[in-house]
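Trainee: Whatever this is, show me its structure:
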Amino acid sequence: MNKSKIPRDIPEISDQRLKELSARIRPVFFGSEIRKEKLKVFLKDYATKRGLTTSQAICLAMDISRKQLYVEEFDPRRKVNDADTRKQNLRFLEGSDLDLVPTDIANSLALLRYVRTYHLVSVGCSFAPSTAEVLAQIPKDLETVADAFRTGVAIINAGDGTMSCLTEFYADCIRSPDYMRMRPQPPINLRT
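Mentor: Predicted coordinates for the structure are as follows:
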């Protein structure tokens, strides 16, 4: 049998280990990936809680699509598009179809490393990684310093029932001062 046709093994992760890692390492999304009505509610609450002036709030609203945001927790084993498989939208291209609720702006993230991760193809061959798939593949040296991750960079269909992408792992500069010992590495070649 041709080895290239055998699906890659995505490591299993226990519920206990997943709970430990997902409590600390959370996915981040750009503001452009979140429904506009959810962003409006978030921005209003954010500005009120922090006592922003009207001009500060307007500047934040104009720039929110480029900011990374933490969102309310969801089931880490759920693939992002499981709720409505009829749409079969890619998470990072059709974020307006997701019901993500922003909770905070991830202002102090520093990129640690790009890591190639593999994800099972969802219904309709769409890319819909779960948090569990990402955290099952996190390198040991990042487990203690990573605070956030983002998938969907440079997606390639591996042709064996999986998709490969670069996952960005971040450290929160304020929460994890040890991130300085981890030097950012250049992107890896997905073809090797």
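Trainee: so what's Leu100 closest to, chain neighbours aside?
Mentor: Val71 (4.4 Å; CB to CB, 6 or more residues apart in numbering). Using the backbone N, CA and C atoms, a C-beta is placed for each residue, glycine as well.
Trainee: distance of that neighbour from Glu33?
Mentor: Val71 sits 9 Å away from Glu33, taking CB to CB, to the nearest Å as the criterion.
Trainee: where exactly do the strands run in the protein?
Mentor: Remark: strands assigned in the chain by DSSP state E are 26-30, 68-71, 102-105, 109-120, 148-157, 162-172.
Trainee: what's the closest of those to Phe42?
Mentor: Across the strands of the chain, Phe42 has its closest neighbour in strand 102-105 (4.2 Å, CB to CB).
Trainee: Would you mind writing the CA trace of the closest one as CSV?
Mentor: The C-alpha trace of strand 102-105 is given here as CSV (Å, rounded to 0.1, in the frame of the first residue of the first chain):
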residue,chain,number,x,y,z
PRO,A,102,-15.0,38.0,22.3
THR,A,103,-14.0,38.4,25.9
ASP,A,104,-10.7,40.4,25.8
ILE,A,105,-8.1,41.9,23.5
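Trainee: Which residues are in contact with Gln56?
Mentor: If a contact means CB atoms under 8 Å, 6 or more residues apart in numbering, then Gln56 has Ala47 as its contacts.
Trainee: Would you confirm that Ala171 contacts Leu109?
Mentor: Yes - in this structure Ala171 lies within contact range of Leu109 using CB atoms under 8 Å: 7.1 Å.
Trainee: okay, the angle between the lowest-mean-pLDDT helix or strand in the chain and strand 109-120?
Mentor: Ranked by mean pLDDT, DSSP states H and E, the weakest helix or strand in the chain is strand 148-157, scoring a mean of 77. Using axes from the mean of the first three to the mean of the last three CA atoms, to 10 degrees, the direction of strand 148-157 lies 40 degrees away from that of strand 109-120.
Trainee: what residue ranges in this structure score low on pLDDT?
Mentor: 1-8, 78-98, 122-128, 153-154, 158-159, 175-192 (pLDDT under 70).
Trainee: repeat that with 50
Mentor: 1-6, 81-97, 192 (pLDDT under 50).
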